[in-house]
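Student: sequence and predicted structure, then a few things I'm wondering about:
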Amino acid sequence: MEQALTYDDVLLEPKSSRITSRTVVNTATSLTPTIDIDVPLLSAPMDSVTGQQLAQSLSDAGGIGILHRAAETDETISAVNNIDGIVGASVGISEQAHKKAEAYEYYGADVIVVDVAHGHLDNAVHKVSVITDSVDVPVIAGNIATYEGAKSLAKAGADGIKVGVGPGSACTTRVKTGVGVPQFTAIQNVVAVKKAYDVTVIADGGIRAPGDAVKALAAGADSVMLGREFAECVESPSDGSIWGMASKKGKEAHNADGYIEGVSSHPKESTTTVAHVVDRYVDGIQSGCSYCNSLSVRQLRENATFNVVTP
């Protein structure tokens, strides 16, 4: 067995830097090979995180909101049709998923996200292939945590690969099933797929602070996806709490059954905004880049070296 690491296990090494101010650092990145965003932040496709209002606010701030797959089709259509800016819409791997994807594209979705807990299922890979053949907009698919999983989705036509099995704050997959890969190592393994396929990598889950986002980007991810941070914003559709889509609360809300692999947090007063969260993360990313003599997120990936933190 090889040792696998998570964000807390590593730190970036500071470098001699010519950068005079962090504000000159360019945070733009590629969401997919054909779509760039000004800020490398996505909102998680969870019903406690991303609704129309939050997606609009995140688009205004330079990132992109991803509407969750459990909403009624008409609700998602209304949202993508009314958001003035870039937005993504997610689907599952049901028999009619490609039809939903076609409808969301028609009404204005800029990207389709195939969102499933285990993206390396044969059925999931097949459905990604069907959906990429059905729509003309880019398709992001996941979640996976291995190079082989990423390669399967890339070969199926995915333009972006979502990495993360179990790292999210509302996910208990690792506890309930014993399955997962620590997120830092998962990212490092998966980004190798970019050498052979024209894809991007999205780090999904486990981001608790701007420093974690910097580590994910330096490890090779093109962007990061946040859940809890955005769930606590006034624009989120929740009450300030977050619940996993596979939690008891999430399954009851959408009349779903199956094994419980998520939890819900206690409600808390929403006092922050999407703009504030984005500003805080942008400041952290720019500062992290400046410590590593990098004028952009893209350059950070080239310059970064890490050390392992002792227990």
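Tutor: That came through, no problem.
Student: from now on I want contacts and neighbour counts done on CA atoms only, so please keep to that.
Tutor: Will do.
Student: by mean pLDDT, flag the weakest helix or strand of the protein.
Tutor: None of the helices or strands of the chain scores lower by mean pLDDT, DSSP states H and E than helix 248-253, at a mean of 45.
Student: buried residues in the helix or strand just after it?
Tutor: For helix 248-253, the succeeding helix or strand toward the C-terminus, using DSSP states H and E, is helix 274-291. Neighbour-count burial for helix 274-291 flags 274, 277-278, 281-291 (criterion: 16 or more other C-alpha atoms under 10 Å).
Student: okay, now the closest residue to residue 34 other than its chain neighbours: neighbour count?
Tutor: Nearest residue to residue 34, sequence neighbours excluded (C-alpha to C-alpha, 6 or more residues apart in numbering): residue 138, at 7.7 Å. Residues lying near residue 138 (other C-alpha atoms under 10 Å) number 24.
Student: ok, so of the buried residues of helix 274-291, who is nearest residue 9?
Tutor: residue 288 (16.9 Å; C-alpha to C-alpha).
Student: list the contacts of the closest one.
Tutor: By C-alpha atoms under 8 Å, 6 or more residues apart in numbering, residue 288 lies in contact with 211, 214.
Student: show the pLDDT at it.
Tutor: On the pLDDT scale, residue 288 is placed at 98.
Student: over to residue 172?
Tutor: On the pLDDT scale, residue 172 gets 80.
Student: burial of it, as a residue count?
Tutor: By other C-alpha under 10 Å, neighbour count at residue 172 equals 21.
Student: my guess is it contacts residue 165, does it?
Tutor: No: if you go by C-alpha atoms under 8 Å, residue 172 and residue 165 don't touch, sitting 9.8 Å apart.
Student: might one say that the residue nearest to residue 34 is in contact with residue 32?
Tutor: Yes: using C-alpha under 8 Å, residue 138 is in contact with residue 32, at 6.9 Å.
Student: between the two, which contacts overlap?
Tutor: 159, 160.
Student: the spatially most central residue of the chain: which element?
Tutor: Centroid check for the chain by C-alpha atoms, centre = their mean gives residue 225 as the closest residue, at 2.9 Å. Using DSSP H and E, residue 225 maps to strand 223-226.
Student: quick check: neighbours of that strand in the sheet, parallel or antiparallel?
Tutor: strand 41-43 (parallel), strand 200-204 (parallel) (DSSP bridges).
Student: run through who's touching that strand.
Tutor: Contacts for strand 223-226 (C-alpha under 8 Å, 6+ apart): 29-31, 40-44, 201-205, 207, 213, 216-217.
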